[in-house]
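Q: quick check, what structure comes out for this input:
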Amino acid sequence: MQDEEKKEKSHVSMMEKVTRMRATTAERTRLKREEEDAKAIAQGKALQTTAKIIQLPVWPDCSRGVPNGVLRSALFGAIKRGPRKFINREFMNTLEGYEIRYTGARLDQSDLDVWETLLDLSKQASENQNHVYTSERALLQKMGRAYGKSGREWLKSATARLSATNVEFNHTNSNYGGSLVDEFYRDDDTGRYVIVLNPKLQAMFARDDWTQINWEQRQRLKGQPLAQWLHGFYSTHAEPYPVKVKTLHRLSGSENMEICSFRQKLRENLKELDAVTGWVSSIDKADNVHVKKTPTPSQTRHLNKKK
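A: Residues are numbered from 1 along each chain as shown. Coordinates of the predicted model:
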């Protein structure tokens, strides 16, 4: 009888130990989860704080600030309106020193107008620079477009296209991976927009690797995608150097497969560019494109630093 009682007591004691061990393990798990939750909350608050103090470079209202890597590549190509080819993590043609992988529908110069405008509106915000609060009417007016049904539908399409992108950007240890527009909210009844940009986009502007684009000149070239691309490309150079026609053909992302046809189109667009900017362009017998221009004040300061 005593042996049975001892066995029963031993069994109860073992069960109590198992129960205590389980309770201890559960408590440790709970504390670990609480610790992880606290860290996640702290990280979230840190990201919110970072987003509020993100500062894009300052540029005048008559200009648009754009990363040089964007303007020296085929990311926003010199392509015509129409069906868009979908690209899956392909390397975009870029000037040496930049690397861009892109996923999404091909982007054109009108998409660049939208993105430049969003960056400009973001730059003007006093805080939460990655949040742009605006309206369809204000956005279209800022881009010189009519506020009509076709304009509103175009804006919806461009905004959706920019948010459905993934850009992997790398230049001298400055890198960015993400969409050009993180997300957007639109009230179809009021036409109000909230557009969210990734605050880490600032990495694309690192080390003053960006250019002030003359917005009025760009708008005068509207409807001429190659001329607009050339305007952006040569705006990034204080003293443009000779560039082969075939190099511009590659960098611009032109869908014109015939180099002879592209060369003729290039001549025509260079004339339009000269008329708007006052630059002097030419193509020599060796098929080199020459562009002479007066550097901007900021580019002049950059050149003086090199001396």
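Q: after the strand or helix carrying residue 185, next one along is what?
A: Here residue 185 sits within strand 183-187, counting by DSSP states H and E. Counting by DSSP H and E, the next helix or strand C-terminal to strand 183-187 is strand 192-196.
Q: and the contacts of that next one?
A: 118, 130-136, 139, 159, 181-187 (CB atoms under 8 Å, 6 or more residues apart in numbering). Glycine gets a C-beta too; all of them are placed from N, C-alpha and C.
Q: filter the residues you listed to the buried ones?
A: For these, a burial check counting by 16 or more other CB atoms under 10 Å picks out 118, 130-132, 134, 136, 139, 159, 181-182, 184, 186.
Q: quick one: which of these sit in helices?
A: Using DSSP state H, the members of the buried ones among the contacts of strand 192-196 that fall in helices are 118, 136, 139, 159.
Q: and of those residues, the nearest to residue 299?
A: Using CB to CB, residue 118 is the member of these that lies nearest residue 299, at 24.7 Å.
Q: show me what contacts the closest residue in space to residue 280 that isn't next to it in sequence?
A: Distances taken as CB to CB, 6 or more residues apart in numbering put residue 292 closest to residue 280, at 4.4 Å, once the chain neighbours are dropped. Counting by CB under 8 Å, 6+ apart, residue 292 touches 240, 279-281.
Q: which intervals of the stretch 1-150 of the chain have sub-threshold pLDDT?
A: The stretch 1-150 of the chain contains residues with pLDDT under 70 at 1-14, 18, 32-34, 36-54, 125-129.
Q: where along the stretch 101-250 of the chain do the strands fall?
A: 131-135, 166-171, 174-178, 183-187, 192-196, 210-214, 243-244 (DSSP state E, counting those that start in this stretch).
Q: could you list the paired strands of the shortest one along with their orientation?
A: Translated: strand 243-244. strand 288-292 (antiparallel) (DSSP bridges).
Q: just the CA coordinates for the partner strand, please, in PDB.
A: Written as PDB, here are the backbone C-alpha positions of strand 288-292 (Å, rounded to 0.1, in the frame of the first residue of the first chain):
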ATOM      1  CA  ASN A 288      29.600  62.300 -83.000                       C
ATOM      2  CA  VAL A 289      27.000  64.600 -81.500                       C
ATOM      3  CA  HIS A 290      28.300  67.900 -80.200                       C
ATOM      4  CA  VAL A 291      26.300  70.200 -77.900                       C
ATOM      5  CA  LYS A 292      27.500  73.600 -76.800                       C
END
